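Asker: below are the sequence and a predicted model; questions follow.
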Amino acid sequence: MVDRLNPATAPVNMASVNMASVKTAPAKTAPAKAELVKTASVKPAPMKTEPHLSIQVACAAADAHSFIAYQYATYPFRLSNNLRLDARDRHRAYAYVMTAAPGLLSGDDLRWVVDVGDRAAFYLTDQSATKVHSQPTDGAIAQMTYAFNVGAGAYFEYMPEPIILFSAANLTQYMNITLHPQGTLVLGEIIVPGRLARGEFYDFEQFLSRLVVRSPAGKVCFAETLRLMGNTNGFKHSALFSDLPILGNFVAIVPGVDLDQLARQLEKPACDRLQVCSSPLPGCHGLLIRAMSTQASLLKAYQRHLLGCIRQLTGHSPLPSIPK
């Protein structure tokens, strides 16, 4: 039997985030228009500088297949072609984000915008783990800002590879999401507290993550701030952290699904090497899922299980193989 823990009581420090302003950058040309598409009815979250990666996904009016209607990427990012990883499922588009950088460096300030239009279905991942390098004594923190917009009847899955926090790493992550009440959103995040094979274990400075989900009218559905301390973490040598060092955070907002049934299915894989808990989200129809494991590979397998359960309950095609 699995104990359902309350994520709100997990041993992490909660802190508010100061949404610091960023420097402006020169503007570039506006996105080209696409034919036979209906773009999202939600407006992008405001950014004070142009994003390094911008994606617009639309649903064709003729045959209801999803495709990338517009993309823009600048260093260090590149985006794959519009992929069909499941020949039987033309409704969903798949894409990989690739980076030419060795990871996130001190002082990086990188921004993404992803707009999934009404009725479109999109699966986004990256090619390899995100390595967060050490922050020098006089260096600045690394920062990632995401703005995701999910339209009516849209289905967006974002499942990146793990984040590896090197010694003295310091990363702040902002995720601003505008979600239509009839939109589906599934997010995944795996955190590795160091290069464990080299003996690094909670030697980073901190990982600060701020997630806000809003309605198209701007009403906050829910918000969460996670502050995970590294070398000053008084719990890092406790049995909870030392036995299960790899952390997983997942958000599943799925209109019309029985959340109790989904929670039971999501907690079935729990074992000695993988602990899972879930809680209903306030302000929207979804779950917040926490997981801890001995290995990143177990959490990646659990991630597939989570996606498979949600797709099954929503009547979507099973998750195909995602080659990396």
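Answerer: That came through, no problem.
Asker: please enumerate the helices of the stretch 151-300 of the chain.
Answerer: 239-243, 259-267, 296-313 (DSSP state H, counting those that start in this stretch).
Asker: possible to save those as a markdown table with distance to V213, mean pLDDT and mean neighbour count?
Answerer: Bear in mind the C-beta positions are built from the backbone N, C-alpha and C, glycine included. Converted to a markdown table, those look like this (distance: least, Cβ to Cβ, whole Å; pLDDT from 0 to 100; neighbours: other Cβ atoms under 10 Å):
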| stretch | distance to V213 | mean pLDDT | mean neighbour count |
| --- | --- | --- | --- |
| helix 239-243 | 28 | 88 | 13 |
| helix 259-267 | 16 | 95 | 16 |
| helix 296-313 | 17 | 96 | 18 |
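Asker: looking at these, spot the one closest to R195.
Answerer: Closest of the helices of the stretch 151-300 of the chain to R195 is helix 296-313, at 11.8 Å (criterion: Cβ to Cβ).
Asker: residue contacts, the closest residue to P245 other than its chain neighbours?
Answerer: Leaving aside its sequence neighbours, P245 sits nearest to P193 (Cβ to Cβ, 6 or more residues apart in numbering; 5.7 Å). By Cβ atoms under 8 Å, 6 or more residues apart in numbering, the contact list for P193 reads 165, 200-202, 204, 228, 230, 236, 245-247.
Asker: which ones among these map onto strands?
Answerer: Among the contacts of P193, the members falling in strands are 165, 228, 246-247 (criterion: DSSP state E).
Asker: which one of the residues you listed sits in the busiest neighbourhood?
Answerer: Per-residue neighbour counts (other Cβ atoms under 10 Å) across these peak at L165, which has 29 neighbours.
Asker: what pairs with it across the strands?
Answerer: Beta-bridge pairing of L165 under DSSP bridges involves V132.
Asker: cool, and L104?
Answerer: Note on L104: beta-bridge partners V132, judged by DSSP bridges.
Asker: ok, now how distant is it from A140?
Answerer: Plainly put, L104 is 12 Å away from A140 if you go by Cβ to Cβ, to the nearest Å.
Asker: need the contact list for the closest residue to F156 other than its chain neighbours.
Answerer: With sequence-adjacent residues excluded and distances taken as Cβ to Cβ, 6+ apart, F156 is closest to V116, at 4.5 Å. V116 is in contact with 40, 57, 122, 148-151, 154-156, 183, counting by Cβ under 8 Å, 6+ apart.
Asker: let's have those in TSV, adding pLDDT.
Answerer: Below are the contacts of V116 laid out as TSV (pLDDT from 0 to 100):
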residue	pLDDT
A40	39
V57	98
F122	98
F148	98
N149	98
V150	98
G151	98
A154	98
Y155	98
F156	98
G183	97
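Asker: among those, name the buried ones.
Answerer: Buried members of those, scored by 16 or more other Cβ atoms under 10 Å, are 40, 57, 122, 148-151, 154-156, 183.
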